[in-house]
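Student: Return a 3D structure for these sequence lines:
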Amino acid sequence: MSNQENEPWPELKLPELLSDDTVRALHAAIESEWDPARRSACQTAAGRALWRQVIQDPLAELFAGETYLKNVYEKIKKDKLNKAREISGVILAVRTLWFDSKLEMALSSSVGGGAQVVLLGAGMDARAYRLKCLKESSVFEVDFPEVLHAKATILDAAANSNNKNHHPIMKAKSLSRVAADLTEDDWLEKLQISGFEPKKSTVWILEGIIYYLSHFHAMKVLNIIAEKCNLTNTVLVADFMNKQATTLSNSTFHFYCDWPDQLLPSLGFSEVNLSQIGDPDAHFGLLQDPLNLFNKLRNLPRSIQTQPDDGTPCCRLYLLQASGSPNKTIS
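Tutor: Next comes the predicted model:
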């Protein structure tokens, strides 16, 4: 893929469906009533929509809404004008592509193409509608009731619109939406009621969710998933913030882990691989400048907490793929 710095940015064209009364009212309610964790689903969708050069997600702009699309687009325009080393949204683009690639790899590996896929804190994720690798998989999206309701409302509007590009076409074998709160004790039970089979191979996707939880609840979720390694082939694909990254918003981000590649084996995963944004498997041709923030961080020891040149915090996002099964023991 070519470097985004050398290409003109596509003009922002808002889809007509965002002017639909129902969709417009829904997004207005999202902006006024949802907390930052819930609204982040629309922010992520905006990043995916505006990085359409590398992410094919025609539903993303509908999930994002006008306000988030315009806000992110204006930041991108400013970055391009200022010849910024990192264009706004690039971290979301890289993260999305990395999760896509690891999910596809997991389904084509020994886990098997028929493995269940669980998206915790699914938000406005559209993988069930855009990834062909899910054709043999039952997909479960777990999130707050209001988030899933908003998503279903937008999908219904898209299905009934005149724009065929926005018609949702299911790529997964099946899709179940599970209204649950990960801070409550019944989310796993609700997942099973919806058809999740505890003894069937499973890929768990935790993208942009774990750091919104408290330490107590994050560890509880991770332990529940790790316990599945004793039952069946289990893959976890997740992103973790280090402590410095959570200081970007102390009121929003809570859980952090400076060494998630040590944490996950201690919970029961037998194989753990860590990447950082900009690593060979996590740049996708989008981070060529050796002096951009992510490449600078990669070249510093992970124990260093502040940038040597300017004293700013080393805010890192770790990308983790972990796996385990009853046949594997931790080495």
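
Student: Could you tell me the end-to-end distance of stretch 305-312?
Tutor: 9 Å (Cα to Cα, to the nearest Å).

Student: Which helix runs longest in the chain?
Tutor: With secondary structure taken from DSSP state H, the chain has its longest helix at helix 90-108.

Student: Export it to PDB, keeping only CA atoms.
Tutor: Extracted in PDB, the C-alpha atoms of helix 90-108 (Å, rounded to 0.1, in the frame of the first residue of the first chain):
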ATOM      1  CA  VAL A  90      -3.900   6.600  11.200                       C
ATOM      2  CA  ILE A  91      -3.700   4.700  14.500                       C
ATOM      3  CA  LEU A  92      -7.400   3.600  14.000                       C
ATOM      4  CA  ALA A  93      -6.700   2.500  10.500                       C
ATOM      5  CA  VAL A  94      -3.700   0.500  11.400                       C
ATOM      6  CA  ARG A  95      -5.400  -1.000  14.500                       C
ATOM      7  CA  THR A  96      -8.400  -2.000  12.400                       C
ATOM      8  CA  LEU A  97      -6.200  -3.600   9.700                       C
ATOM      9  CA  TRP A  98      -4.200  -5.400  12.300                       C
ATOM     10  CA  PHE A  99      -7.300  -6.900  14.000                       C
ATOM     11  CA  ASP A 100      -8.600  -7.900  10.600                       C
ATOM     12  CA  SER A 101      -5.400  -9.600   9.700                       C
ATOM     13  CA  LYS A 102      -5.100 -11.500  13.000                       C
ATOM     14  CA  LEU A 103      -8.700 -12.600  12.900                       C
ATOM     15  CA  GLU A 104      -8.300 -13.900   9.400                       C
ATOM     16  CA  MET A 105      -5.000 -15.700  10.400                       C
ATOM     17  CA  ALA A 106      -6.700 -17.300  13.400                       C
ATOM     18  CA  LEU A 107      -9.600 -18.600  11.400                       C
ATOM     19  CA  SER A 108      -7.300 -20.100   8.800                       C
END
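
Student: So which bits of stretch 262-273 are buried?
Tutor: L263, L264, P265, L267, G268, F269, S270, V272 (16 or more other Cβ atoms under 10 Å). In short, each C-beta sits where N, CA and C put it, glycine included.

Student: one step back: quick check: next helix or strand after the longest helix of the chain?
Tutor: On the C-terminal side of helix 90-108, the closest following helix or strand by DSSP states H and E is strand 116-120.

Student: buried set for that following strand?
Tutor: Buried residues in strand 116-120, counted by 16+ other Cβ under 10 Å: Q116, V117, V118, L119, L120.

Student: List the pairing partners of it within its sheet, with orientation.
Tutor: When pairing is defined by DSSP bridges, strand 116-120 lines up against strand 138-143 (parallel), strand 202-206 (parallel).

Student: can you list the ones you listed in a markdown table and add mean pLDDT and mean neighbour count?
Tutor: Below are those laid out as a markdown table (pLDDT from 0 to 100; neighbours: other Cβ atoms under 10 Å):
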| stretch | mean pLDDT | mean neighbour count |
| --- | --- | --- |
| strand 138-143 | 98 | 25 |
| strand 202-206 | 98 | 25 |
